[in-house]
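> only geometry, no sequence info:
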Ligand SMILES: [Zn+2]
């Protein structure tokens with residue numbers, strides 16, 4: 001089976017899968033607890049947009 005890497009930290013792990021993309025437990029927890037104005041939150045949002053929502057458009 002193909003190894004699954006988190007789209008945020010790019011490490012292998014377990015967590016939630018969105019449209020076939022992994023967001024690991026660490027990153028999920030981090031984004032839940034971090035401030036919405038923090039750099040990490042921005043980074044996370046951008047990654048999601050880039051990796052998940054763009055893919056949808058082809
Ligand atoms: Zn991660």
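Structure's in. What do you need? Everything quoted here is computed from the prediction, not taken from an experiment.

> contacts and neighbour counts: CA atoms only from here.
Fine.

> For the ion, see how far away residue 30 is.
9 Å (Cα to the ion, to the nearest Å).

> what about that residue, how many neighbours?
The criterion is other Cα atoms under 10 Å. On that basis, residue 30 has 14 neighbouring residues.

> any idea which helix or strand carries it?
Following DSSP states H and E, one finds residue 30 within helix 25-33.

> Averaged pLDDT, that helix. What do you get?
Mean per-residue pLDDT for helix 25-33: 95.

> following that helix, which helix or strand shows up next?
helix 39-48.

> buried stuff in that following helix?
For helix 39-48, the neighbour count (16 or more other Cα atoms under 10 Å) marks 40, 41, 44, 48 as buried.

> which of the residues you listed lies closest to residue 27?
residue 44 (8.5 Å; Cα to Cα).

> The closest one contacts residue 32, doesn't it?
No: Residue 44 sits out of contact with residue 32 when judged by Cα atoms under 8 Å, with a separation of 10.8 Å.
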